[in-house]
Every structure is written in structure tokens, then in C-alpha cells.
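A.B. asks: give the three-dimensional model of this entry:
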Amino acid sequence: MINFFKKNKAIVADLLVYFVMAIIGIITIAFPKIGLEKPVLYSSVLFFIIGLFSFGGYFYTKDNKATYELLFLSMISILTGVYFFIFESNDISITLGTGYLIFFLLNIIYKSYYTFKLKKYDNELWFLKAISIILISFISILVIQNFYRTFSSIQTNVIGYYFISYGYVSFFEILLIDKVNPRELKDVFEGKSVGNKKIKSINKIDSDIDELNEIVKNKKSHK
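C.D. replies: Down below sits the predicted model:
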């Protein structure tokens with residue numbers, strides 16, 4: 001078990017963060033009164049919690065050359081939490097709708113960029129990421145348009161369902177990616193084989209660019 005955690009840091013960290021997100025949603029639905037009086041402030045606290053877990057997960061995996069997805073999730077979550085905290089006294093419906101819209105758009109922008117990168121380097125994992133984006137987009141649009149309506153007690157449950165859905169979709173995305181790439185998710189970024197294909201990693205590309213720059217500098221110095 002210990003060896004599994006050591007060898008699969010990126011996967012374990014991702015699963016833990018999205019599991020925590022789903023648990024937050026379950027608790028919100030089980031105890032709706034917690035966020036009923038101050039739903040905006042409650043949302044702020046939830047996003048700060050997710051941000052801290054994601055930030056911890058990033059530092060846990062950064063030595064594995066894992067993706068920066070947890071770091072971006074952390075930054076986006078904290079930014080959303082700060083937004084809710086600053087505008088906590090404003091109209092509840094507009095503030096909730098706008099806050100979750102910010103979280104949704106920033107996440108989709110990053111996930112889409114990452115997916116295009118995978119597609120560009122002919123990596124099969126782009127298809128799973130694309131499905132995840134579609135599902136999260138569908139869920140987010142339903143939730144956000146609901147928030148922009150007049151706030152009611154049912155909106156607290158909507159917050160809970162949002163985190164459960166987002167957490168589950170992302171959780172199973174990571175599990176499926178692990179099935180497609182049993183050598184570990186980080187292999188995608190180290191240029192190892194995925195299926196029958198040999199891919200060139202994003203990290204390797206950065207390394208090649210640095211090497212070319214060094215060669216150019218050496219040639220200039222010899223002239």
C-alpha cells in the first residue's frame with residue numbers, strides 16, 4: 001500500500017482532492033441549514049477548503065513532474081473564495097451566480113488548453129478530458145442559471161449537488177485515465193509509451209527548447 005502511494009502520487013493527490021469535493025457536497029445536502037443563512041460566505045469557505053487541499057496536493061506531487069492541474073484548481077478556488085468573501089453583502093443570487101460562473105469559466109479555459117495540448121501531441125487521453133469538460137460544462141450551466149434566479153432554501157442543496165457532481169466526474173476521469181495509462185499519469189509528461197504510441201512529453205519539449213537556446217548561445221560566443 002505504501003509503495004502504491006509513492007509510485008502513484010499524482011493519481012492519489014487528484015483522487016483525494018476530488019473525493020473531498022464530493023464529501024463537501026454530501027455534507028452540504030445532509031446539513032442544509034449550515035449554509036442557509038449566509039450561502040455566499042458558506043461558498044467562500046468551501047472554495048477556500050478546496051483551494052487548500054489542491055495546493056497541498058500540488059506540493060505533494062510536484063517532484064513527480066505531474067500536471068499543474070491541482071495548482072490551477074487551487075488558484076481558481078482561492079480566487080473564487082476571495083470573490084465571495086468580498087461581495088458577501090451584495091445580492092445573494094447575483095453574487096452566487098457570478099462566483100460559480102467565474103469558477104466554471106476559469107476551470108474550463110485551463111482544462112480546454114490542457115486538452116488541446118494532449119490532442120496536439122497525439123495523446124489518447126485528450127478524449128477523456130474532453131468528455132469531462134462537456135459533463136462539467138453541462139452541470140455548471142444548470143447550476144449557474146439556477147443561482148441567478150431568486151434565492152431560496154433549495155439553493156443550498158444545489159450547491160451540494162454541484163460539488164458532488166464536479167467531484168464525481170473528475171474522480172472517475174482520473175480513474176479512467178489511470179486505466180488507459182497504467183504506467184501512471186505522469187508518464188504522459190515524461191514521454192513514455194501510452195498504448196502502442198510513443199509520445200513526446202510537454203516537459204521534454206521544454207527541455208529541447210532550452211537545449212536549442214544553449215546551442216545558439218554557444219555558437220554566438222564562438223563567432
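
A.B. asks: what about the helices in this structure?
C.D. replies: In the chain, the segments counted as helices under DSSP state H are 2-7, 9-30, 33-36, 39-61, 69-86, 92-120, 125-147, 154-180, 202-222.

A.B. asks: using CSV, lay out those together with mean pLDDT and mean neighbour count.
C.D. replies: All C-beta atoms are positioned from the backbone trio N, CA, C, and that covers glycine. Shown next, in CSV, are those (pLDDT from 0 to 100; neighbours: other Cβ atoms under 10 Å):
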stretch, mean pLDDT, mean neighbour count
helix 2-7, 52, 10
helix 9-30, 86, 20
helix 33-36, 77, 14
helix 39-61, 89, 20
helix 69-86, 92, 20
helix 92-120, 87, 18
helix 125-147, 86, 17
helix 154-180, 80, 19
helix 202-222, 55, 11
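
A.B. asks: return the residues in contact with Gln155.
C.D. replies: With contact set as Cβ atoms under 8 Å, 6 or more residues apart in numbering, Gln155 has these partners: 39, 96, 146-147.

A.B. asks: grab the nearest non-local neighbour of the residue nearest to the spatial centre of the chain.
C.D. replies: Geometric centre of the chain, nearest residue: Leu73, 4.5 Å, by Cα atoms, centre = their mean. In space, and not counting its chain neighbours, Leu73 is closest to Ser54: 4.4 Å by Cβ to Cβ, 6 or more residues apart in numbering.

A.B. asks: quick one: contacts for that neighbour?
C.D. replies: So Ser54 contacts 17, 70-71, 73-74, 77 (Cβ under 8 Å, 6+ apart).

A.B. asks: what of Phe87?
C.D. replies: Residues in contact with Phe87 (Cβ under 8 Å, 6+ apart) are 40, 95, 98-99.
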